[in-house]
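Asks: from the sequence below, what's the structure:
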Amino acid sequence: MATLYEDMSPITPLVFILSTGSDPMGNFQRFAKEKGYMQRFHAISLGQGQGPVAARLIATATQSGDWVFLQNCHLAASWMLAMENLIKDFSAPGTEIHRDFRLYLSSMPAKSFPVSVLQNSVKVTNEPPKGLRANLRRAFAEMSPEYFEDHILQQTWRSLVFGICFMHAVILERKKFGPLGWNIRYEFSDSDRESALDNLKMFLADGEIPWDALTFITAEITYGGRVTDSWDTRCLRTLLKSFFAPETLNDGYTYSASGAYYCPQGDHMKPYKEYIESLPFNDDPEIFGMHENANITFQIQETTALLTTILDVQPRLGGGGGGKTSDEVVYELADNVLGRLPDVLNLEEADEAMFKADEKGRVNSLTTVLQQEVDRFNKLLKVIKNSMHTIKKAIKGLVVMSLELEAVYTSFLNNQVPILWATAAYPSMKTLASWIKDLVLRVHFIDHWIHNGLPTSYWLSGFFFPQGFLTGTLQNHARKYNLPIDELSFKWSPLPVYRKQEDFYNQASGLAPGQKVPMDSEFDGVDDGVLVHGLFMDASRWDDDKMVLADALPGEMNPPLPVLHMSPSQNYVPEDTLYKSPLYKTAARAGVLSTTGHSTNFVVPVYLPSDRPQDYWIAKGTALLCQVSD
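Replies: Sure, this is the predicted structure:
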C-alpha cells in the first residue's frame, strides 16, 4: 500500500480490482492507521440510492483533506457516469482540492466502470493466495507480533489463533476440488478470518474459553453466514472440529493422520512463520480429510475447462484432407439419433391391470408416477425429433438455419448436448454421445415398464423426477397399512448383488412383451418397499465382504453401489453407525436452492452401514450419484 500511495495524488485515484475471495478493506484500514487517517477516512458501499451520499462525501473530503473509499462500484452502474464527471472535475482548471485528499475505489470487472477513470488511476488487483502455505503466510504477514504474542492465555491463545488461520486456509482451498469440497463455490474472504479472530479476542478477554459460544458463532455466523446448502453446513461443522475444538489444545495433537500438519509451539511469531515456510508447495489431500483421488478430480476439472475453452474458439470449417465436412458429420448424427429413439411412448399399450383401482377407488401410485414420466419423456422426444428433422432440412438448404438450429449444429460438432435439448431434459453432465446412449436406456426402461408391468428392480437413475417415484412408494405403503405418510421414511438395505441397466437392456431387447428377463430371477421380490439400482458412489466404494462403506481404490472415481432395498418405515430413527449420505442427480451437486434448504439436484438422504465415524466420510465429501460424468 505504501508503494501505491506514492503513485497517487489528489486527482489520481486508486482502483482495487476485486476478485473472488479477496477483500482489500483490511489492508486499507491498516494502512490508514499507519498514516494516522483511521479517523479521517470515509468508506461507503455503493448500491441503490448511495450515489448522492458518495458525491457529498467526496465534496466534503476534497476541502478537508480526508480520504474517501467507494466500495463495490459495480453495484452502482447507473451512478458511474456521475462519478466519472466528478473525477474529471478534479483536474479542471480552477478546481481547488486539498493536497491530502485521496480517493480509493473498488470494483469487480464490469462494463459499466468508466474507462477514463481506469486510464487515469493507479490500478491494483489482490488475487487470493493459492495453497495452504500461501494462505497461512499471508495471514501471519497481516498480523502484528503484539496481537499474536501478548495474551493472558499465552500458548493456548497462540494455538487457537493458528488453528483459525489454518482452518480458514483449508476452507478456501477445498474449493479447488469442486463439489467434493463444497457443493457451492462460496466467496469466503480474508474478512471472514479477521472476523473470527476478532470474536476470539473478544470472548477470551477474561482468560476463559466459552467453547459453545465460540464454535456456534464461528460455524454458524462468521463462516456459516455465507453457506446456503445444508450439506455444506454439515461439512463446515466437521472441519471446525479438526482445527478449533478443545482437543486441538492437547499435547501432540496433529491436524492430519500423518502428523505432517500441526500447530508449532513457541512464545514468539518466528517459529510459526518458519513452520509455515516448511510446508509443501502441493497440499496433500489428507489435510482436507480427502482421499488421494480428490487430486484426480481437481486435475480433470482443470483439463475440462481448458478443452472447453479450446472448443469454443476453434473454427467450424472442415473437410480438408478428404475428411467429412461439418454438414456431413451433423447430418449423419441427426440420422443416427432419429433411428435410435422412438417417436413416442404410448401409455395406451399398457396392461389394464396397472390402472385397476383398489376398493377405495385409488390407482397404484407408481402407475401415476409412470404416467408423469411418460409425459415428460414424450415432450423431450418431441423436441429432439423436431430439431433433427429441421436441421436436416436446413443442411439441404430447404429451410433457413436459425440461431437455435445453429447452436444445435455447433453442439453436435463439439460432442455437447444442445441447450435446446438440455432445457427440456433432466439434469445431466454427459457429453452428447453418452447422453444419447443414456437417453436410449431411459426410454427403454419406461417402455419396458409400460409393456411388462411393475419392474422387479427400479432404475432410480432413469427417472426424470426421482423424488416423485420415492413419494409414490411411500404413498403405496401408507395406503397398504393405513399410516400417515408424513411419518414414513426409508430404511435402506444393500443387497449382495449388482445390476447394470445396460445389461438389462441387452437381455430385454430380444424378448417379447410379458416375457421375463433372465436377470430378474436373481430376486425373490419384496413384501414392502421396492428394489432400486443404478447408483454410483463418490469419494468411497462398497466393501462386498464386510457390506460397509470403504475408502475408494486409487484411480477408481465412481464405483457402483449394489442393489438397495428401500423399505418404508414409520418414525424411523437411523442407527448411529449409519452414514447419512446425500444422493444427487449429477456430480455437480449444486442446483437451485428450494424452500426445503436443499438443492434441486438433491434427491434423498441414504443411510449406509459404516465402520467409521460420520465425520470421516463428511470431510471426504462422500455422496451417492444417480449418474456419473464422462
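
Asks: for residue 83, see how far away the residue located most distally from the centre of the chain is.
Replies: Within the chain, residue 94 marks the point farthest from the mean C-alpha position, 54.8 Å out by C-alpha atoms, centre = their mean. Distance of residue 94 to residue 83, given as C-beta to C-beta, to the nearest Å: 21 Å. In short, each C-beta sits where N, CA and C put it, glycine included.

Asks: buried residues, the helix or strand of the chain with the lowest mean pLDDT. List them.
Replies: Between all helices and strands in the chain, the lowest mean by mean pLDDT, DSSP states H and E belongs to helix 293-313, at a mean of 82. For helix 293-313, the neighbour count (16 or more other C-beta atoms under 10 Å) marks 293-295, 297-298 as buried.

Asks: excluding covalently adjacent residues, which one is nearest to residue 629?
Replies: Nearest non-adjacent residue to residue 629, counting by C-beta to C-beta, 6 or more residues apart in numbering: residue 429, 4.2 Å away.

Asks: just give me the neighbour total for residue 123.
Replies: Counted with other C-beta atoms under 10 Å, residues neighbouring residue 123 total 14.

Asks: that one and residue 15 touch, don't they?
Replies: Yes - using C-beta atoms under 8 Å, residue 123 is in contact with residue 15, at 5.0 Å.

Asks: where do the helices sit along the stretch 201-350 of the chain?
Replies: 211-216, 230-243, 270-278, 293-313, 326-340 (DSSP state H, counting those that start in this stretch).

Asks: in the second one, which residues are buried?
Replies: To tie it back to what came earlier, the one meant is helix 230-243. Taking 16+ other C-beta under 10 Å as the criterion, helix 230-243 shows 231-233, 235-243 as buried.

Asks: put the alpha carbons of stretch 143-161 into PDB.
Replies: Extracted as PDB, the C-alpha positions of stretch 143-161 are listed here (Å, rounded to 0.1, in the frame of the first residue of the first chain):
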ATOM      1  CA  MET A 143      -0.900 -10.000  11.900                       C
ATOM      2  CA  SER A 144       1.100  -7.900  14.400                       C
ATOM      3  CA  PRO A 145       3.500  -9.600  16.700                       C
ATOM      4  CA  GLU A 146       1.900  -7.900  19.700                       C
ATOM      5  CA  TYR A 147      -1.500  -9.300  18.800                       C
ATOM      6  CA  PHE A 148      -0.200 -12.800  18.400                       C
ATOM      7  CA  GLU A 149       2.300 -13.000  21.300                       C
ATOM      8  CA  ASP A 150       0.800 -10.900  24.200                       C
ATOM      9  CA  HIS A 151      -2.300 -12.500  25.700                       C
ATOM     10  CA  ILE A 152      -3.300 -13.700  29.100                       C
ATOM     11  CA  LEU A 153      -3.800 -17.300  27.800                       C
ATOM     12  CA  GLN A 154      -0.200 -17.400  26.300                       C
ATOM     13  CA  GLN A 155       0.400 -20.700  24.400                       C
ATOM     14  CA  THR A 156      -3.300 -21.500  24.300                       C
ATOM     15  CA  TRP A 157      -4.100 -18.200  22.600                       C
ATOM     16  CA  ARG A 158      -1.400 -18.800  20.000                       C
ATOM     17  CA  SER A 159      -2.700 -22.300  19.300                       C
ATOM     18  CA  LEU A 160      -6.200 -21.100  18.900                       C
ATOM     19  CA  VAL A 161      -5.200 -18.200  16.500                       C
END
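
Asks: angle of the lengthiest helix in the chain against helix 326-340?
Replies: For the chain, the helix with the greatest residue count under DSSP state H is helix 365-396. Counting by axes from the mean of the first three to the mean of the last three C-alpha atoms, to 10 degrees, helix 365-396 points 150 degrees away from the direction of helix 326-340.

Asks: mean confidence for helix 365-396?
Replies: Mean pLDDT, computed over helix 365-396, is 96.

Asks: which residues sit against stretch 103-121?
Replies: 12-19, 24, 28, 58, 61, 67-74, 77, 80-81, 83-84, 87-88 (C-beta atoms under 8 Å, 6 or more residues apart in numbering).

Asks: just the buried ones from those?
Replies: In those, the ones that pass as buried (16+ other C-beta under 10 Å) are 13-18, 24, 28, 58, 61, 67-74, 80, 83, 87.

Asks: among those, which are in helices?
Replies: 28, 58, 61, 80, 83, 87.

Asks: for those, give me JSON lines that also has distance to residue 467.
Replies: Listed next are these as JSON lines, based on distance: C-beta to C-beta, whole Å:
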{"residue": "28", "distance to residue 467": "48"}
{"residue": "58", "distance to residue 467": "54"}
{"residue": "61", "distance to residue 467": "57"}
{"residue": "80", "distance to residue 467": "45"}
{"residue": "83", "distance to residue 467": "49"}
{"residue": "87", "distance to residue 467": "54"}
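
Asks: which two of those have the greatest separation?
Replies: Of all pairs drawn from those, the greatest distance, 21.2 Å, lies between 28 and 80 (C-beta to C-beta).

Asks: related to what we said a few turns ago, just the closest of the buried residues of helix 293-313 to residue 8, please.
Replies: Closest to residue 8, out of all of the buried residues of helix 293-313 and judged by C-beta to C-beta, is residue 298, at 39.6 Å.

Asks: against residue 118, how distant is the closest one?
Replies: 34 Å.

Asks: for residue 155, same thing?
Replies: Residue 155 is 49 Å from residue 118, by C-beta to C-beta.

Asks: and the gap between the closest residue to residue 190 other than its chain neighbours and residue 128?
Replies: Leaving aside its sequence neighbours, residue 190 sits nearest to residue 23 (C-beta to C-beta, 6+ apart; 5.3 Å). Distance, residue 23 to residue 128, by C-beta to C-beta: 9 Å.

Asks: the residue nearest to residue 629 and residue 589 touch, don't they?
Replies: No - with contact defined as C-beta under 8 Å, residue 429 does not count as touching residue 589 (10.6 Å).
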